[in-house]
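K.L.:
What follows is a predicted protein model with its sequence.
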Amino acid sequence: MAGKSFKYVIIGGGVSAGYAAREFCKQGVKPGELAIISKEAVAPYERPALSKAYLFPEGTARLPGFHVCVGSGGERLLPEWYKEKGIELILSTEIVKADLAAKTLVSAAGEIFKYHILIIATGSTVIKLTDFGVQGADAKNILYLREIDDADKLVEAIKEKKNGKAVIVGGGYIGLELSAALRINNIDVTMVYPEPWCMPRLFTAGIAAFYEGYYANKGVKIVKGTVAVGFNADSNGEVKEVKLKDGRVLEADIVVVGVGGRPLTTLFKGQVEEEKGGIKTDAFFKTSISDVYAVGDVATFPLKLYNDIRRVEHVDHARKSAEQAVKAIKSNEEGKTIDVYDYLPFFYSRSFDLSWQFYGDNVGDAVLFGDNDPASPKPKFGSYWIKDGKVVGVFLEGGTPDENKAIAKVARVQPPVENLDVLTKEGLSFASRK
Ligand code: FAD
């Protein structure tokens, strides 16, 4: 069988792929050895920018400004960088078949790629309302956001529907960041979500109350406890109304849906061990199949700190897991060993003038501290999570770099706590003096 052959192939050209390429270079990859095959038409970029500065009316981010690895303060890897290093970037190429036993990949156009070592970095895809057959969900201007093409459609819609109305379906990361981005663009925004408060997977009621209040002050309307069950369109097929389960009908020129993602593992189904919806790996991101690694959103890996196995859909882990896999591959070739992955979960988000960070695990009892009045000129508040008498997770809104470092340290060290009332009173100073 003819086709291109590489020593290393990364399937997927997102965050992990970019950070893996940089690590391959550090470790001394030779020209022609590494290829990245990506469905997207552009070199790897920092995906979180798509729901933030990419949508801003001023100070807008555009490529090549946010190619990896600028998100973590590193050198920006422009398309020329890959060329210089002899790394083949095979773009606009979707792999539609993977045969792990034959070490062969086939693209939608029928090209064949062979590899010695494969890194699976296919990330996630959005869950669509059409997946559940929601009535009218295929109308125009019902949009999703995962890749740069989706972001471009959103930018177009914002321009076209100037000062129009948007309904944001979903109250998670995407819902909150996109509501803010659209509001900044002077769109009239209503968020709809079924839960009693936003981001329930991470936020406590106390944390959420601040964001809901702050968003309300910015003019974002919030409809909780119900879901979108159908859409009405005009004669052009463009969405006009969102029908809610509770009977209400909301006007909309744009609908953005952020109801979660699904790791892209379909190509490998039945060929590799899976767990918790992802591809099962060891602490070096090696899968059950030799010479096949999985990193980023698709990997279910051992989280040493909690003696658990988890899948993490966040950019910090995408970067670090990619680096760990490449280090493992290269050290293995040299007969050396490296330390196991010892990850401290880190999530963050930014919207309006707000910025929060979270480190650790949000389990056990939560205590809220600080000034969480949405009307404060400079709100700064947070939450500790305490389990078995130890702090295991910390959230902080409005922290300085030093304060964020301090909460990260606390989440890692897990200091004991005797009295939750004292901890509440001490607030951030508890973390700062550790
Ligand atoms: P991705 O970066 O998604 O890359 C996957 C790549 O694989 C894509 O290029 C895709 O096209 C390609 N691909 C998939 N299937 C195929 C195929 N069959 N053939 C070829 N190519 C394929 N995390 C945070 O911690 N903070 C944030 O603020 C934040 N903001 C975000 C905002 C948005 C809009 C999105 C979508 C995500 C955000 N995340 C954030 C999550 C973070 O971006 C992801 O966890 C991270 O990108 C995962 O990296 P990855 O390499 O696993 O996957």
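P.N.:
Looks like it came in fine.

K.L.:
measure the closest residue to the ligand within the stretch 251-400 of the chain to residue 325 for me?
P.N.:
At 2.2 Å from the ligand, residue 296 is the closest residue in the stretch 251-400 of the chain, using Cβ to the nearest ligand atom. Where you see a C-beta, it was placed from the backbone N, CA and C, and this is true even at glycine. Applying Cβ to Cβ, to the nearest Å, the value for residue 296 to residue 325 is 10 Å.

K.L.:
Which one of these two is surrounded by more residues?
P.N.:
Between residue 296 and residue 325, residue 296 has the larger neighbour count (other Cβ atoms under 10 Å), namely 33 against 29.

K.L.:
In contact with that one, which residues are there?
P.N.:
12, 14, 15, 16, 121, 123, 317, 318, 321, 322 (Cβ atoms under 8 Å, 6 or more residues apart in numbering).

K.L.:
what's the burial count for the fifth one?
P.N.:
So the one you mean is residue 121. Neighbours around residue 121, by other Cβ under 10 Å: 33.

K.L.:
which residues does it contact?
P.N.:
10-14, 16-17, 20, 294-296, 298, 322.

K.L.:
need the contacts of residue 296 in CSV with distance to the ligand, can you?
P.N.:
Listed next are the contacts of residue 296 as CSV, based on distance: Cβ to the nearest ligand atom, whole Å:
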residue, distance to the ligand
12, 3
14, 2
15, 4
16, 3
121, 5
123, 2
317, 7
318, 3
321, 8
322, 7
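
K.L.:
Grab the two from those residues that are most spread out in space.
P.N.:
12 and 317 (14.8 Å; Cβ to Cβ).

K.L.:
got the residues of the stretch 1-150 of the chain near the ligand?
P.N.:
Residues of the stretch 1-150 of the chain lying near the ligand by Cβ under 6 Å from any ligand atom: 11-17, 37-40, 47-48, 50-51, 94-95, 121-124, 145-147.

K.L.:
Would you map the helices across the protein?
P.N.:
Along the chain, the segments classed as helices by DSSP state H run 15-26, 79-85, 148-160, 173-184, 205-217, 315-333, 401-413, 420-426, 428-432.

K.L.:
I'd like to know which of those is closest to residue 259.
P.N.:
helix 173-184 (8.4 Å).

K.L.:
ok, the residue nearest the centre of the chain to residue 11 distance?
P.N.:
Geometric centre of the chain, nearest residue: residue 314, 4.2 Å, by Cα atoms, centre = their mean. For residue 314, the distance to residue 11 equals 20 Å [Cβ to Cβ].

K.L.:
repeat for residue 323
P.N.:
Counting by Cβ to Cβ, the gap from residue 323 to residue 11 is 18 Å.

K.L.:
again with residue 256
P.N.:
28 Å.
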